[in-house]
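**Q** Have a look at this fold, sequence not included:
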């Protein structure tokens, strides 16, 4: 089963920015740049908005609408043996 992928727009901006902010909370480079948790939560939403505003404005921001509780659950639902997070990051079941 392939997860449904849809475009998102400015209407869903707050939710998208919140999800991306939480996704990078454990990223080592991001946390090095914004080491203090209050500073991270205070500045990261603006950084995400600045970098992603064009995608939201031009309907080129995509999200999967599949509710998953973990990457392992995503593997179970899709029947895949590995989950790719980008060009070189993988999580194996």
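**A** That came through, no problem. What you are looking at is a predicted structure, and each value in this text was computed from that prediction instead of being measured.

**Q** low pLDDT regions in this protein?
**A** 1-3, 65-93 (pLDDT under 70).

**Q** any idea where the strands of it begin and end?
**A** 5-8, 61-64, 82-84, 90-92 (DSSP state E).

**Q** Which other helices and strands does the first one contact?
**A** When contacts are defined as 3 or more Cβ pairs under 8 Å, 6 or more residues apart in numbering; DSSP states H and E, strand 5-8 sits against strand 61-64. Heads up, the C-betas are built off the backbone N, CA and C, glycines and all.

**Q** and the gap between residue 5 and residue 37?
**A** 32 Å (Cβ to Cβ, to the nearest Å).

**Q** Name the single longest helix found in the chain.
**A** Longest helix in the chain by number of residues (criterion: DSSP state H): helix 37-57.

**Q** Next, the buried residues of that one.
**A** 40, 44-45, 47-49, 52, 56 (16 or more other Cβ atoms under 10 Å).

**Q** want to try TSV for the residues you listed, with distance to residue 30 as columns?
**A** Below are the buried residues of helix 37-57 laid out as TSV (distance: Cβ to Cβ, whole Å):
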residue	distance to residue 30
40	7
44	7
45	13
47	9
48	10
49	15
52	15
56	20
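
**Q** Report the two of those residues separated the most.
**A** 40 and 56 (21.6 Å; Cβ to Cβ).
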